[in-house]
Structures are given as C-alpha cells and as structure tokens.
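Asker: Just a sequence and a predicted model for now, questions to come.
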Amino acid sequence: MSILDVGGGGGFYDFPSSLRGRAARMVGVDPDAGVLTRPWLDEAHQMLMEEYARSAVERFEVALCVYVVEHVATPGAFFEAVRSVLKPGGSCFGITPNLLHYFGVVSAAATRIGVEDWLLRRVRSPELIEAYHSPVRYRCNTTRRIRSTATAAGFRKCEFRALEQAAMFETYFPSALRWWPREYSQILNRWAPADMFGTLLFRLIA
C-alpha cells in the first residue's frame, strides 16, 4: 500500500516507521525540516498539508496523522486536503489528545493565555522541548468536532477508539503528584464514557 505520513517531521515520534515493511511507498509532509531526514520515507515535502494537496498528483491508500490534529490551525481545510489525496475507500488514521480531558484543557488554556512555553519549561527538559514541541491549538480535538469536520470535508465514515492511560501523562507531573493521573485514570476507566478519555484514535474513510 502507499502511505502518506502527515506531520512526519517531528523528532519525538517514529510510530509510522513500523509500517515501512508493509508499504510499497511512503511519503512525508510536514512544515518541520525534520521530515527531510526521516529514513523510512521514499519522498519528503517540507510544507503544510494544505499546500501539498494543491499540486499533489499521487493518491494514497492510507494517510497517518500521529499527534498532528492538535496543531492544526484550520481543521476544515486540513481534512479537505487529506481527503483529496486519498484513493476512494482509503483511510486516514489519527491519534490526538482529547480536549475534554484535563490534559487537553490545561494545554489549550495555557496556549490561549500565553503561558504554554513557560509551563512546558517547568515539566520538560530543554532537549525534549527542542525535539518535539510545536504550538498547539486544539481546534478539532473531540470526537464530535472530528466527526463533523471530517464529514464536511467529504469523508463518508468515521470510527473512534479511546485510551486512558496514566503513564502517558505522569511525566508532566513532579514525583510527589503522580498519584493524581493514576487516580484520575482509574476513575475514568471505571465510570466515564470513552469520549472523556485522554487519547483519541480515529479512522476516517474516504
């Protein structure tokens, strides 16, 4: 199959590389220059997805959006661009934080009031910030918003899964407070609907 790795330039995540053995061809698109150094890509483009789609001729069976949607400024245009480069029946698979989770709420609020970088420097090492961090916007980070935006962009079907795992958030807390994400995760897993879980996984079918 042919795979488009959207947002494939970040240095922190390399999940798409595990699909190299199943892909006849892999293309990466990201405004970050890191996309040009990803060894599993056959072709790389340093640009926004919307820019790539305007001139793209190639069509893909699969598009990957691994921790990308939370950074997107114009979700409608973004999903339209992804839809336009998929073959009929192709799938866009994505992973993103949930805005309805405390992590999403704090991240979005910190961005809106301008303290995101200040806060991040207190919970992350400079090396990790340099390798991974890019501004977040959280404009399409609930199942409802993803579904409505993707449907408006022309996707004919949306499927969701959700994860609530404390380990994904513990490292943002000092050692003395790591009981909080563990307790919160236990409560969510026992009592809350999946729409409240910390991580959303989706499949959009063209």
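Answerer: Structure received.
Asker: Name the SS class of the closest residue to M49 other than its chain neighbours, please.
Answerer: Leaving out its chain neighbours, the residue that sits closest to M49 by Cβ to Cβ, 6 or more residues apart in numbering is A81, at 4.8 Å. (Each C-beta comes from the backbone N, C-alpha and C, glycine too.) For A81, the reduced secondary structure class is helix; criterion used: DSSP: H, G, I helix; E, B strand; the rest coil.
Asker: Tell me how many other residues crowd A81.
Answerer: Residues near A81, counting by other Cβ atoms under 10 Å, number 22.
Asker: try I146
Answerer: Residues within reach of I146, counting by other Cβ under 10 Å, total 22.
Asker: Correct me if wrong, but it is in a helix.
Answerer: Yes: the assignment for I146 is a helix, going by three-state DSSP.
Asker: And the pLDDT for it?
Answerer: On pLDDT, I146 comes in at 98.
Asker: Any idea how far apart the tips of stretch 60-79 sit?
Answerer: The distance separating the two terminal residues of stretch 60-79, taken as Cα to Cα, to the nearest Å, comes to 14 Å.
Asker: The residue nearest to M49 and G154, how far apart?
Answerer: Taken as Cβ to Cβ, to the nearest Å, the spacing of A81 relative to G154 amounts to 11 Å.
Asker: ditto for N141
Answerer: For N141, the distance to G154 under the criterion Cβ to Cβ works out to 20 Å.
Asker: ok, the two, which is more surrounded?
Answerer: Each of N141 and G154 had its neighbours counted (other Cβ under 10 Å), and the higher figure belongs to N141 (23 against 14).
Asker: Apart from its chain neighbours, what residue comes closest to that one?
Answerer: The shortest distance from N141 to any residue other than its chain neighbours is 3.9 Å, reached at L99 (Cβ to Cβ, 6+ apart).
Asker: List the contacts of the one you found.
Answerer: The neighbours of L99, taking Cβ atoms under 8 Å, 6 or more residues apart in numbering as the test, are V105, A108, Y138, N141, T142, R145.
Asker: How about the secondary structure of it?
Answerer: For L99, the reduced secondary structure class is coil; criterion used: three-state DSSP.
Asker: picking that back up, ok, of the contacts of L99, which one's closest to R182?
Answerer: Within the set of the contacts of L99, V105 lies nearest R182; the separation is 18.4 Å, counting by Cβ to Cβ.
Asker: The closest one: neighbour count?
Answerer: For V105, the tally of surrounding residues (other Cβ under 10 Å) stands at 13.
Asker: repeat for Y102
Answerer: Close neighbours of Y102, defined as other Cβ under 10 Å, add up to 15.
Asker: wait, it sits on S185?
Answerer: No: in this structure Y102 lies outside contact range of S185 using Cβ atoms under 8 Å: 10.5 Å.
Asker: quick revisit: okay, the residue nearest to N141 and E50: tell me how far apart.
Answerer: For L99, the distance to E50 (Cβ to Cβ) stands at 22 Å.
Asker: so who does the spatially closest residue to E50 that is not a sequence neighbour touch?
Answerer: Taking Cβ to Cβ, 6+ apart, and ignoring the residues beside it in sequence, E50 has A81 as its nearest neighbour in space, at 4.6 Å. Applying Cβ under 8 Å, 6+ apart to A81 gives the contacts M49, E50, Y52, A53.
Asker: Nice, that's everything, thank you.
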